[in-house]
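Trainee: What follows is a protein structure lacking sequence information:
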Ligand SMILES: Nc1ncnc2c1ncn2[C@@H]1O[C@H](COP(=O)(O)OP(=O)(O)O)[C@@H](O)[C@H]1O
Ligand SMILES: [Mg+2]
């Protein structure tokens, strides 16, 4: 097992990304090592253990959220990395980008309330296939983290949803918890808040773990989640 | 009947989305793209068979809700042969 | 030349905006509205005079970027008389 | 191209008076052309010249050891320790937001952010002060929905958290809403950028988005009254592009770190005109610009249009001559236009070339220094009478009245609004909207910045001087209530037509009150904005001099919020003594909703005790003696206590006053008070005695769902919360 400090983590930065620094700070706090920020025009990635696509409004969310970012040069490198079984995590806008690249199935459409929504939500950790993103979290664990998005309403065909469900690819579902308001903030199918790929190596999620890394910021469940992932990837 | 409402930004109104998409297309090798304007295309199913009345009602919907007449223009298209 | 790309959601794909607009129109007294689907209408200025080639290039733009073919259909319209 | 000779008629259509036209002719010694006249009219508009307000703004206190940069630059700057400066300002976008609420509000946010990063600061937080018409007015829903999504649309996308603000509803804003946006940024104190041009011969660079025909003459429009006619004469609306705004912000901050920039100015109201004129005149120099080099979005734009366009996301800067290449590379990287368009000159003139000929050649002094300044007449102010509480109170139980008040839109939860704002991006938000002050951590340190915006227009209308002071005092309380030390303020003066003496009185007197309070509370004014002519068809808005305050807390671990944390904690009120068993109901929300809002004097503001109480609270929070604190504002003591219970999800048992007027006690809006929760009541009482601050016990937090006043009926906390949370969603969905 390698130590967390020796992990090589890249955070991709697109014009309009705005949670890149937050993610960098969170990861550095947990690993003691600053991840590298990789500009979208780069066409290759150094060998890495994890690629993270952070939240924000890449390319202004114009056309479709994540669409323009998914065609940026650096994405080819991410696809190669994923094809080699490399781990990839997308948060919020990063999740939208991953759907646009096809690394994960489905789409995120506009919230059912047609409004941007920023608040804490509670998610339930689901029983998933073997995945570094969930293996250190017990099924049924409740995590409270903020969401902040306008397009977080997960949609896929009935067949696709059934497949995700049966394969254990649903990682997080919105669940009633201490947070204010309805459990599902956006109308997402099957209350999906996060999914993993068929091989478990790619994850997309709407809640922002990097914003929930200490009690003064309103909670540490994001740190719990990230720590679990990092340890799994390091082992 | 089916009605199509096309909504476009008035001339001169900045379309940041169009600019960003055009730039991306250029970057992807579509150098021939000179400009893009993005509008909406709203397809309505309306329970009304009289074309004149349909047109008038849909115009009212555009003025009331569908278009932001300060910055947008709209046009109404009732496809033939319905 | 000018090209118009109409992008619409495939049948069966959820359209929260369309649903909400239809509901609002009903609430505003437009009871005759039965359903709405919202799509995009993208107007491109393209530096290409050969229609066949134009069509082919724009189709490629649609496949590469303009539409998400998992959930959207597109059609390309090159207005006459340009 | 020949253009018709300008006459007074042209000047009048741009909002200039006959005297002002005469002054232009005299200064120029000739007739201006269209472009020159446009430049004069923009620079002499109320918006750019402050011609009606300057006399009064000069009376505000602007100094203090904490002040690094007072009014006059793009934003004010105060020292927060550790070599850092908080840079902040508030600005209005009232008229554009009424015409197109989404874009108007979005560009308002974009504009205030540019003011802050122009100074070299990275923006850290946003706030907004909003005024809409009556909740049931036909336009309110549309305007509120549009403004809120526009604020979110810009702030969320650019990635700056919105951490606070305020909203009022009042029929006087039916035809003229107020949208004021405030931004707070952080910079190194020794790396603050200013706008004065330096060094004749240095290149003048245009960066950012291209120029189109957006919002031409927005500055003069913002200085004109509304009527149905202006509503139909809609100018091309400015469209915000937060994506380009974000790129511009990153590019400018990157460039500023490279030691290339000599001076920089954003293009806000009156675009290229005000930026070039201000840079040159502040530097005591001149400027020459070739308008053919200005990156344009549309074809065939005239000199007039290029100079007056209010296209967003643009900046003008003067660079060190040898830095141009470095700078260009940075802007290329961010895919932004970068264009040298002219140079600094020694002439003291603004010279513009278009199509190879001189399109404008005017001296700068008259544009700025000789701009008209008016001492407009005021009407005599007739004070509203002081009304005794027993003349308007009834014998209804406190519980009934409390539920009624909590059900009004005035006291409704603002959650529907602020959940549309990303309040947490940048991961330093310690308290977003929903408390007294927004609180953010200074990244990587234990220090925090607290901020709040406040104004109570009904007080200002009833007594402008008291109302002006009250706005400062309420902001001060909101900062103190989280445990922070107030530092300085910015202000946004929103009034009607200053040519009417009674409006002039409102403005002048409230500035006087604001100045007195700012001086007494040691919170000097470091920046601000004036928005006049907020009238529709001759009817003015309720006066609204908004105050935005910033404070600092040295150790964020000490900060408190409004929610008590456990049953058994003692609730006390600081700033009020036991004998106070009546209360000031004049101009209160109680009077508004239960007594038909009679004309009445507002509660007085006592600045010396205000400061004593505020400093006592800060000290006690710092010492760890206070668990939760909430200042007493709209709705009085009972509402304050109810809000604390709702935030905690806990009940409370409150002793009712002995005798006196129960409604006055519960709902009076006497100033200078805070409700706190503590485990250390004894220690607090002793400390208060020493500090000369009044304090008294109200009751105790209970582990139940019941808020109980004396022997009165218990009120369910859950029910109260359901009620306050339901009001705005019902308004917006209904
Ligand atoms: N327009 C707004 N934008 C963001 N937050 C808002 C807005 N309006 C109100 N809030 C938040 O709601 C809470 C209640 O507002 P208000 O009653 O004005 O507070 P106070 O009485 O302490 O000044 C505050 O935390 C405030 O920051
Ligand atoms: Mg308060």
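Mentor: Right, received. Where do you want to start? Bear in mind the structure is a predicted one, so any value in this text is a computation, not a measurement. Ligands and ions are numbered 1, 2, ... in the order given.
Trainee: C-alpha from now on. contacts and neighbour counts both.
Mentor: Will do.
Trainee: Any residues of chain B in contact with chain C? List them.
Mentor: B:6, B:25, B:30, B:32-48, B:61, B:65 (Cα under 8 Å from any Cα of the partner chain).
Trainee: So, low pLDDT: which residues of chain A?
Mentor: Applying pLDDT under 70 to chain A flags the ranges A:1.
Trainee: So which of the residues of chain B next to chain C belong to strands?
Mentor: Secondary structure from DSSP state E places B:6, B:33-46 of the residues of chain B next to chain C in strands.
Trainee: Of those, which is the nearest to residue A:84?
Mentor: For these, the closest approach to residue A:84 (Cα to Cα) belongs to residue B:33, at 35.5 Å.
Trainee: Could I get the average pLDDT for stretch D:616-627?
Mentor: The pLDDT scores in stretch D:616-627 average 98.
Trainee: Buried residues in that stretch, which are they?
Mentor: For stretch D:616-627, the neighbour count (16 or more other Cα atoms under 10 Å in any protein chain shown) marks D:616-622, D:624-627 as buried.
Trainee: for stretch A:104-113, same thing?
Mentor: A:104-112.
Trainee: Take the residues you listed and lay them out in CSV including secondary structure and distance to residue B:69.
Mentor: Formatted as CSV, these follow (DSSP: H, G, I helix; E, B strand; the rest coil; distance: Cα to Cα, whole Å):
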residue, secondary structure, distance to residue B:69
A:104, coil, 39
A:105, coil, 38
A:106, coil, 35
A:107, strand, 31
A:108, strand, 29
A:109, strand, 26
A:110, coil, 23
A:111, coil, 25
A:112, coil, 25
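Trainee: hey, where'd the helices end up in chain A?
Mentor: Per DSSP state H, chain A carries helices over the ranges A:20-31, A:67-70, A:73-83, A:93-101, A:158-167, A:221-234.
Trainee: residue contacts, the nearest residue to residue D:89 once chain neighbours are set aside?
Mentor: Leaving aside its sequence neighbours, residue D:89 sits nearest to residue D:75 (Cα to Cα, 6 or more residues apart in numbering or on different chains; 5.2 Å). Residues in contact with residue D:75 (Cα atoms under 8 Å, 6 or more residues apart in numbering or on different chains) are D:69, D:87-89, D:115-116, D:119, D:526-528.
Trainee: pretty sure residue D:193 is in contact with residue D:264, am I right?
Mentor: Yes - if you go by Cα atoms under 8 Å, residue D:193 and residue D:264 touch, sitting 6.9 Å apart.
Trainee: any idea how far the spatially most central residue of chain D lies from residue D:263?
Mentor: By Cα atoms, centre = their mean, chain D has its centre lying nearest to residue D:90, at 3.9 Å. Taking Cα to Cα, to the nearest Å as the measure, residue D:90 falls 22 Å from residue D:263.
Trainee: repeat for residue D:139
Mentor: With Cα to Cα as the criterion, residue D:139 and residue D:263 are 43 Å apart.
Trainee: cool, and residue B:7?
Mentor: Taken as Cα to Cα, the span from residue B:7 to residue D:263 is 43 Å.
Trainee: In stretch D:688-707, which residues are buried?
Mentor: Applying 16+ other Cα under 10 Å to stretch D:688-707 flags D:688, D:693-702, D:705-707 as buried.
Trainee: Is the host helix or strand of residue D:403 in proximity to ligand 1?
Mentor: Assigned by DSSP states H and E, residue D:403 belongs to helix D:398-406. No - with Cα under 6 Å from any ligand atom as the criterion, ligand 1 is not reached by helix D:398-406; the gap is at least 11.5 Å.
Trainee: What about residue D:385, how many residues nearby?
Mentor: 13 (other Cα atoms under 10 Å in any protein chain shown).
Trainee: my read: it touches residue D:600, true?
Mentor: Yes - with contact defined as Cα under 8 Å, residue D:385 reaches residue D:600; the gap is 5.1 Å.
Trainee: follow-up on the earlier one: what's near enough to touch the residue nearest to the centre of chain D?
Mentor: Contacts of residue D:90 by Cα under 8 Å, 6+ apart are D:112, D:180-183, D:490-492, D:527-529, D:548.
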